[in-house]
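> Requesting a structural model of the entry that follows:
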Amino acid sequence: MARQKRPQNKKGKNTSAAASGKKTANQKLVFECFELASQNKVEELLELFADDVTIYEPFSKKEEEGLHGKPAIRSFLNMMTLASDDSLRYDISIEEDKSDKVVALVIFEKGDKIEARFSFEMSAADKEKDKKINVVRVEFLDDNHA
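Below you'll find the model as predicted:
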């Protein structure tokens, strides 16, 4: 499982998402997701997801059944973008990349460091622009957020 360090710009955001090296279509989608969240672009972020998307994350009361559909995930994405300001830095390492799944280890730093594993399941599509994220599973790897 390869891990790659991502350089960060002076605001601390990940800047090499699409710039360094050849990325698969799935990796591009994952990096774009984090970039749009860091720019607080919720509407553009929603466009990356399938209409029937499900997000499993530890913050909601519905963790086991997940947040299902774009209207349900909007509040999670709003929270994600609110947590992302100029002082937040993050580093993304791709742990697994298959035709329909990417697993990314993300280290967030805003004072303390927090590690999370994001598993993205993608739709099959003939064209890269037609790929959508169907499922996201978020797992925090430290005791304070599990």
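> tell me what the lowest-mean-pLDDT helix or strand in the chain is packed against?
Lowest mean confidence among the helices and strands of the chain (mean pLDDT, DSSP states H and E): helix 70-82, at a mean of 86. With contacts defined as 3 or more CB pairs under 8 Å, 6 or more residues apart in numbering; DSSP states H and E, helix 70-82 has these neighbours: helix 25-38, helix 42-46, strand 49-56, strand 67-68. C-beta: built from backbone N, CA, C; applies to glycine.
> To Lys110, which of the ones you listed lies closest?
Among those, the nearest to Lys110 by CB to CB is helix 25-38 (11.8 Å).
> quick one: contacts for the residue of the chain positioned farthest from its centre?
For the chain, the largest distance from the centre (CA atoms, centre = their mean) belongs to Asp126, which lies 22.4 Å off. Taking CB atoms under 8 Å, 6 or more residues apart in numbering, we find Asp126 in contact with no residue.
> Need the three-state assignment for it.
coil (DSSP: H, G, I helix; E, B strand; the rest coil).
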